[in-house]
Structure formats: C-alpha cells, structure tokens
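Engineer: Coordinates only, no sequence provided:
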C-alpha cells in the first residue's frame, strides 16, 4: 500500500480486466437465480437467451447493504479514492459492492450480506452507482477491508445523525 493509503489493485491486462478474472456484478437476490444458473462456483455461465447482455460470473463476490447505508459508504469510499463498482438493486432498496473472490467465506458484518458470484449488467445500465470505468468499461472491485471500514463508519455517521438503525 502506498503512502497515500489508497489500496493497490491488480494490474490490468489486454481487455481492461485483471489477469485471470472476468468482470462481474451482483445477483439481484436468491429468487433471481433460475435453473441451470449457479449460485456460486466455477466458471462462467450465460443467462438464458431472454437477457444475453448479463453474464453470471464467479470471479467476484458482492456485498449488499441497505440503500441509505450503502450510499453513505460510497461517499466515504469516493473521498478515499477507493470505491470500485457499485450497483443498485432493481427495486432500489439495496446497493451492492463488487469485492474480490473469496470474501464471502469470511464476511461477517451485521447489516450486510456477501454472496459468491455476481452478475454484470451492461455498462450503460442506469442502476450503476459507480459504473465500470475507462475505455474498456473495466469493472474494479472494492477492497474488502476498506469496504468494511467504510460501512462501519457509515453506520456510525447515520446513527449519530438520527437515521439509524437501518
């Protein structure tokens, strides 16, 4: 980690993706998974032909929190220049952060959930809070420990402002 406190991410290779990884973002909910679509685990699997632009990928995990809590955390992460890709749910009630794979195995933070695997909607989808960036529309994950810190800080801020618990 450099002196600025900003975490370093893997170097991008051709295509704007980290080596040995594919871009991804969150499953909407457990009900969104259909037959033949893995909830976690190996490899890349396409969605049914009805939505060919979305890809289910196990290369990243997603941390999901309530909308107000998540947006406060996004503000904190943006100030730290450490915010990766973030997506709002279809119903607008939650926000999901893309995190490195394996995070779901050790994630235990009240008020949040972490799931393995993720779905990536097109970069032009209006639900992106922090969309994929660059000419390649590369998705960048948020460091899990930096996200945990931001979520705790956001919870304290919201509670102190009379807006919690959420």
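Structural biologist: Yep, that arrived. Every value quoted in this text rests on a predicted model; they were computed, and no experiment measured them.
Engineer: Quick check: buried residues in the lengthiest helix in the chain?
Structural biologist: The single longest helix within the chain, with elements called by DSSP state H, is helix 144-160. Buried residues in helix 144-160, counted by 16 or more other CB atoms under 10 Å: 144, 146, 147, 148, 149, 150, 151, 154, 155, 157, 158. For every residue, glycine as well, the C-beta is placed using N, CA and C.
Engineer: Go ahead and confirm the last one touches residue 72.
Structural biologist: By that I understand residue 158. Yes: with contact defined as CB atoms under 8 Å, residue 158 counts as touching residue 72 (5.9 Å).
Engineer: Return the helix or strand in this protein with minimum mean pLDDT.
Structural biologist: strand 44-46 (a mean of 38; mean pLDDT, DSSP states H and E).
Engineer: Among the buried residues of helix 144-160, which one sits closest to residue 117?
Structural biologist: Closest approach to residue 117 among the buried residues of helix 144-160 (CB to CB): residue 144, at 15.6 Å.
Engineer: Please verify my assumption that the closest one contacts residue 100.
Structural biologist: Yes: the criterion here is CB under 8 Å, and residue 144 meets it with residue 100 at 6.3 Å.
Engineer: Would you state the helices of the protein in chain order?
Structural biologist: Listed in chain order, the helices found in the chain under DSSP H are 67-79, 144-160.
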